[in-house]
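> the following comprises the amino acid sequence and a computationally predicted model.
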Amino acid sequence: MEALEAIRKRRSVRKFTGEIISREDLEKIVDAGRLAASGSNRQPWEFIIVTDKEMINQLTVVGKWMEKAGAIIAVVLDPYSRWWVEDGSAAIENMLIASTALGYGSCWVEGDSLPREEEFKTLLGVPKGKRLLSLVPVGVPEEWPTIEKRSLESVLHWQVY
């Protein structure tokens with residue numbers, strides 16, 4: 001799938017079939033995150049791919065809908081970088097687009113997981129001093145959401161607002 005097509009098709013998917021995702025595809029998705037832009041090229045990220053169903057079930061405390069994900073990718077950042085949140089966000093968006101390009105659905109889970117950051121860091125063995133920015137469930141979608149985006153004309157301004 002071409003990049004712009006994947007960007008147009010990408011939606012937050014919260015209904016998965018439970019099918020297994022190949023290690024090769026999961027590595028391609030994380031590799032897309034690794035290749036994201038980062039402030040001063042610090043690349044402050046690391047990624048944990050969780051495919052173990054028992055571990056996935058422990059993470060679903062923030063959303064039962066994640067239980068049928070083929071994997072959950074935990075995005076871990078080193079906050080030594082001044083731009084760690086922006087850098088992690090760029091990596092996550094790359095992974096969401098890569099997931100779509102490979103035919104998988106995904107979702108960015110931050111707001112619900114942030115209050116449980118310390119609990120999840122312990123569960124995932126994340127070292128002290130690192131931050132768990134987000135969980136990204138990935139799976140074969142039961143359905144693709146068809147929510148419409150605002151039109152280009154409604155958001156685009158030239159020269160001034």
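Arrived safely.
> tell me the contacts of Arg103?
For the record, residue 103 is Gly, not Arg. 1, 140 (CB atoms under 8 Å, 6 or more residues apart in numbering). Placement of C-beta: from N, CA and C, glycine included.
> reduced to three states, what does it come out as?
Under DSSP: H, G, I helix; E, B strand; the rest coil, the three-state class of Gly103 is coil.
> how near is it to Glu5?
12 Å (CB to CB, to the nearest Å).
> so what pLDDT did Gly63 get?
Here the pLDDT value assigned to Gly63 is 91.
> which residues touch it?
By CB under 8 Å, 6+ apart, the neighbours of Gly63 are 14, 109, 112.
> now it: phi and psi?
Main-chain torsions, Gly63, degrees, to the nearest 10: phi 180, psi 100.
> how far off centre is stretch 3-10?
15 Å (CA atoms, centre = their mean, to the nearest Å).
> one more: stretch 59-75?
Per CA atoms, centre = their mean, the centroid offset for stretch 59-75 relative to its chain is 11 Å.
> and stretch 11-23, end to end?
Terminal residues of stretch 11-23 lie 23 Å apart, using CA to CA, to the nearest Å.
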